[in-house]
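Peer 1: Just need the structure, nothing else, for what follows:
(2 chains)
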Amino acid sequence: MDTSRSYLEPSSFSKKIAAAIIIVYTVITLIPISWMVMTSFKNVDSAISYPPEVLFEPSLEGYVNLFTNRSRQSVEYLDSLPAPETWYEELVRSREMVITGPSKFLGRYSNSMIIGFGSTFASVFLGALAAYAFSRFRVPLKDDLLFFILSTRMFPPIAVAVPIFIMYRKLGLGDTHVGMIILYTVVNLSLAVWLLKGFMDEIPKEYEEAAMIDGYTRLQAFFKVVLPQAMTGIAATAIFCMIFSWNEYAFAVLLTQFNAQTAPPFIPTIIGEGGLDWPAIGAGTTLFLLPVMIFTIILRKHLLRGITFGAVRK
Amino acid sequence: MAKVELKNLNKIYNKKIEALQDINLTIEDGQFFVLLGPSGAGKTTTLRCIAGLEKIDSGSILFNEEPVTEDQPASRDVCFVFQQYSLYPHYSVYENLAFPLRSPMRKLPEEEIKNKVENIAAMLKISNKLNNKATQLSGGEMQRVAIGRALVREPNIYLMDEPLSSLDAKLRETLRVELKNIQTNLKATILYVTHDQAEATTLADKIGVLKEGKIVQIGTPEEIYENPDSIYVSQRLGSPKINILPSSLFGMADNITTIGIRPENISVGSGQYSGKIISVENLGSETVVAISFKEHEILASIQGNYKSSINETINFDINAQKVLNFDEKGNRIYEH
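Peer 2: Numbers count the residues shown, from 1 in each chain, chains lettered A, B, ... in the order given. I've put the predicted structure just below:
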């Protein structure tokens, strides 16, 4: 029997079992995502072929279709045109179509970026200020206020869709970036305040007191000393807020249409000839996945530390 | 540096806990003033009030005769060395030391900051650690940097809240000596809080003894040791502890209820009293002998290594000149 290992450490056998379970689980969860990515690189025919093609010749048709508007033309007309100048024009011509202009996708995508990052920044910033105040100052009715803030999340936000719709119309906030940023910030703020308050409570007040004695005002001390200390909490909070506002669908459908429409309500509406253009939808969702993924990977180190925060602290 | 005065200072927490009651204190320019007292006596509160971290309920605080009672902490220009959590963990040692100099109140040119930081680092022997992260330091180094961060400035007063208490005994002693040297060289005004009597006696020019939010006696370490006003003060200094005994044991005058005798004022070997040895503690330079006498324990401190065994009967005597007399309230009676 192996006696060299500590009693607290799992045996190599149970470690292998754990690894196997994790691998199986990872593969299962990754299948839809990899299928989506694969679809984005198929052409229109192979995407809907039956039985499904696992091995296929990769094509960028989906991405070209995602970013362009096209119209079908007669062969005679196509022949009369000068030779295509770019690879994507060539690809479209081979389908007997011409590019008539860029699609709306880029605009919807940047709307998502502006609204997603804007509301994340606003929730984290306001949340951090509120959390600091709740953590440090003697706020009258502190517990009741905190409970009130939490209670704003006790029903699904869509439950108030109708009043918000009417309010936004009266206030002229419907289909505007500012309106959507405000809405997502309001929804995320309670989570941000609660999460960040926990992190702020863990930061000894001596740090900012030292800074205040060293010649800084409370606000300067907050930015110079408290915020860097709360980085882990801020990262974790930012990811949660970002995921929510990036993925939000219901309000986006309801409140945005032309000007501030985000990617989620737009992507399913990409329709090709004779049905849904699956490669283009795959391309849209793949690109849609990227920002949150990159954002999470960048903040991953903080996130892991954020989740174990308190447990490892001396 | 400044002369710091506290006048009739009162601080009440949560409308009922009287943390400080009518504190009157003058710390002269260049003086090393130590506040001594057990935890909860109001030592830290006094420091925090001077720093402006706590609002006082009444009274006034004066720096060089100028009232600063209403000023923000930043504009009071004081330094505070905390007991722990003393460094900004996200900064390097250099940045920690430079932090106060870069504040909007001062904004020194980087060149000057560099000079000052390097001087202080050399003085505290941490020059080779300047690029370390604050979290990559040992406890002793951290506290050195914390003291350094205070010393880069020339404030009105340095406030130190048990800065050495989290260190081990040997390091504490080294830093204590260094601190006293630095203070003498800089002629710094320091208000230092401790419950460690060795720190109090070695560092202090003046000691203020606090009891439940009140100053009970102020004096030089010698005065506090030799002439305490009360039993409470007499117990603050001296190791081994002073013997507090009912006066009837040695047949004293009626108005005296309690007497205090320091262990070094008891001689053993011969004398009019005899008791049984209950413990012998050899500390190297002295030996502490506990004697059972009329059901009371008396500690005697004897120079050198004293050979004796437990349960042995021993004769001892007290130095009557050095006996401190107290009344029933524990206050000192001066006339014999």
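Peer 1: so what are the domain limits for the chain?
Peer 2: Looking at chain A here, since you left the chain open. A:44-103, A:106-307 (automatic domain parsing).
Peer 1: Chain B was what I was after
Peer 2: As assigned by automatic domain parsing, chain B contains the domains B:4-235, B:239-326.
Peer 1: show me where pLDDT drops low in the stretch 151-300 of chain A?
Peer 2: Within the stretch 151-300 of chain A, the stretches with pLDDT under 70 are A:272-274.
Peer 1: Recalculate using a threshold of 80.
Peer 2: A:271-275 (pLDDT under 80).
Peer 1: What residue in it comes nearest to chain B?
Peer 2: A:Gly215 (3.1 Å; Cβ to the nearest Cβ). (Each C-beta comes from the backbone N, C-alpha and C, glycine too.)
Peer 1: rewinding a little: can you lay out the domains of chain A as JSON lines showing mean neighbour count?
Peer 2: Shown next, in JSON lines, are these (neighbours: other Cβ atoms under 10 Å in any protein chain shown):
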{"stretch": "domain A:44-103", "mean neighbour count": "14"}
{"stretch": "domain A:106-307", "mean neighbour count": "18"}
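Peer 1: hey, which helix is longest across the chain?
Peer 2: This is for chain A. helix A:105-136 (DSSP state H).
Peer 1: Chain B, not that one
Peer 2: helix B:169-186.
Peer 1: Show me what that helix is packed up against.
Peer 2: Helices and strands touching helix B:169-186, by 3 or more Cβ pairs under 8 Å, 6 or more residues apart in numbering or on different chains; DSSP states H and E, are helix B:139-151, helix B:197-203.
Peer 1: Quick check: A:Tyr7 is in a helix.
Peer 2: No. A:Tyr7 is assigned coil when assessed by DSSP: H, G, I helix; E, B strand; the rest coil, not a helix.
Peer 1: Tell me how far it lies from B:Leu35.
Peer 2: 50 Å (Cβ to Cβ, to the nearest Å).
Peer 1: between the two, which one's more packed in?
Peer 2: More crowded of A:Tyr7 and B:Leu35, by other Cβ atoms under 10 Å in any protein chain shown: B:Leu35, with 28 against 5.
Peer 1: Give me the sheet partners of the strand or helix carrying that one and which way each runs.
Peer 2: Assigned by DSSP states H and E, B:Leu35 falls within strand B:32-36. Strand B:32-36 has its sheet partners listed here by DSSP bridges as strand B:190-194 (parallel), strand B:206-211 (parallel).
Peer 1: can I get the helices and strands packed on helix B:169-186 in a markdown table with mean pLDDT, mean neighbour count and distance to chain A?
Peer 2: Output for these, formatted as a markdown table (pLDDT from 0 to 100; neighbours: other Cβ atoms under 10 Å in any protein chain shown; distance: least, Cβ to the nearest Cβ, whole Å):
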| stretch | mean pLDDT | mean neighbour count | distance to chain A |
| --- | --- | --- | --- |
| helix B:139-151 | 86 | 23 | 8 |
| helix B:197-203 | 89 | 20 | 21 |
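Peer 1: now these in TSV, with distance to A:Thr185?
Peer 2: As requested, the helices and strands packed on helix B:169-186 are exported to TSV (distance: least, Cβ to Cβ, whole Å):
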stretch	distance to A:Thr185
helix B:139-151	38
helix B:197-203	53
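Peer 1: Up against chain B, what does chain A have?
Peer 2: For chain A, the residues in contact with chain B (Cβ under 8 Å from any Cβ of the partner chain) are A:204, A:206-207, A:209-217, A:220, A:225, A:228-229, A:231.
Peer 1: could you pull out the strands for the stretch 201-314 of chain A?
Peer 2: A:271-272, A:275-276 (DSSP state E, counting those that start in this stretch).
Peer 1: now swap in the stretch 1-150 of chain B and tell me
Peer 2: Under DSSP E, counting those that start in this stretch, the stretch 1-150 of chain B gives strands at B:4-13, B:17-27, B:32-36, B:58-63, B:66-67, B:78-81.
Peer 1: Export those strands as CSV, with columns for distance to A:Lys104 and mean pLDDT.
Peer 2: Output for those, formatted as CSV (distance: least, Cβ to Cβ, whole Å; pLDDT from 0 to 100):
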stretch, distance to A:Lys104, mean pLDDT
strand B:4-13, 63, 91
strand B:17-27, 66, 91
strand B:32-36, 72, 93
strand B:58-63, 67, 92
strand B:66-67, 68, 91
strand B:78-81, 59, 91
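Peer 1: Using CSV, please lay out those together with distance to B:Thr313.
Peer 2: Shown next, in CSV, are these (distance: least, Cβ to Cβ, whole Å):
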stretch, distance to B:Thr313
strand B:4-13, 53
strand B:17-27, 49
strand B:32-36, 38
strand B:58-63, 57
strand B:66-67, 64
strand B:78-81, 51
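Peer 1: A:Ala18 is nearest to which of those strands?
Peer 2: strand B:78-81 (48.6 Å; Cβ to Cβ).
Peer 1: how about the closest one: buried residues?
Peer 2: For strand B:78-81, burial by neighbour count (16 or more other Cβ atoms under 10 Å in any protein chain shown) applies to B:78-81.
Peer 1: ok so, going back, give me the angle between the strand holding B:Leu35 and helix B:169-186.
Peer 2: Counting by axes from the mean of the first three to the mean of the last three Cα atoms, to 10 degrees, strand B:32-36 points 140 degrees away from the direction of helix B:169-186.
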